[in-house]
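1. A predicted structure for the sequence below; I have some questions about it.
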Amino acid sequence: MADINKPKKHRHKRHYTFMIISGDSDGSSGSIHLGHIATQVLAFSIFAVFVALVCFLVNSAITVSSLKKYTAEQNARILELDEENKTLTKSNSELQNEVTQLSQALNQKVEAEAQSAAEAEQLSIPSQLPISGTASMISTYDDPGSSEIAIAGIIDADGNAIDQSENAENNDENGEENAENTEENTDEATEPVDVSTLDPILLLTTEEGSTIIASGAGTVTSVAGDIKYGNSVTIDHGNGYISIYRNSGESLVHEGDTVVKGATLFVVGSDNTKLGYQIKKDGVFINPEELVQING
């Protein structure tokens, strides 16, 4: 009963008043009355806005910092790439210079090799006169089937050409007693000689102290005896040409030797002043006189 008689407590509602004072000269002012709940809602809203603003500012600061850092890294990378580009450009220029120099050196080497090859090929052609001194020369033929130098109507046993006009005059001088023989000899002298089975040869006669030399560079493929001239030296020039030197002297080269143009093959003495010189081209005898270059 005591409790019933106690006075009841009343909860008082809180009210908040917000004053808005104008800065005008009239000093007017206004007020907004908000309840407790509305005030709490407003306070929380303001706090939320403040927190959001702070988060935005923090995020913006972090973003700006990240962007600055990224920009600095990119600028550093750009500088690094620029330096690499300069280095590569310099290296490329150096490589281009090296390529140019190598190309020039290679071209010079190719030209030098081509020139050397041309010179070697020229030196291998048996075009030089195979006698170092003065010599008389007769272009005639050699009979490979005979053991004698002489060929009737062409060359005598001493390797001298037969002058058919002199034979005719000598035959005329024999008189009427040898008229028949003269006619026969004249007919033999004037009758054409079949040279289809004979090989062209150049007979050279020189003086003691001269040397018989290689007419072109090549390899000695044969040093052998010769039934007509005593000895023979054969040189293969490696270009289809083969030169043959037939002389009664002692050979100074041996089979397998490599000789240069002008190399000494024989030394001419009093008993080996004659040389039989022949040339083959691709296995066929040709007239040496057509190839030999005579100076003087």
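-> Thanks, I have the structure now.
2. Could you tell me which residues within stretch 275-283 count as buried?
-> 275-280 (16 or more other C-beta atoms under 10 Å). Just so you know, the C-beta spots here come from the backbone N, C-alpha and C atoms, and that holds for glycine as well.
3. In helices, which of those residues fall?
-> In helices, judged by DSSP state H, none of those are found.
4. JSON lines for those, including distance to Asn59 and pLDDT?
-> Shown next, in JSON lines, are the buried residues of stretch 275-283 (distance: C-beta to C-beta, whole Å; pLDDT from 0 to 100):
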{"residue": "Leu275", "distance to Asn59": "112", "pLDDT": "96"}
{"residue": "Gly276", "distance to Asn59": "114", "pLDDT": "96"}
{"residue": "Tyr277", "distance to Asn59": "109", "pLDDT": "97"}
{"residue": "Gln278", "distance to Asn59": "108", "pLDDT": "97"}
{"residue": "Ile279", "distance to Asn59": "103", "pLDDT": "97"}
{"residue": "Lys280", "distance to Asn59": "103", "pLDDT": "96"}
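5. Show me which of those is closest to Ala52.
-> Nearest to Ala52 out of the buried residues of stretch 275-283 is Lys280 (C-beta to C-beta; 112.0 Å).
6. helix/strand/coil for the residue lying closest to the closest one once chain neighbours are set aside?
-> For Lys280, ignoring the flanking residues on the chain, the nearest one in space by C-beta to C-beta, 6 or more residues apart in numbering is Ile242 at 4.2 Å. Judged by DSSP: H, G, I helix; E, B strand; the rest coil, the three-state class of Ile242 is strand.
7. ok, the spatially most central residue of the chain to Val260 distance?
-> Nearest to the mean C-alpha position of the chain, by C-alpha atoms, centre = their mean, lies Val110 at 4.2 Å. Per C-beta to C-beta, to the nearest Å, Val110 is found 25 Å from Val260.
8. Next: Phe266.
-> From Phe266 to Val260 the distance is 16 Å (C-beta to C-beta).
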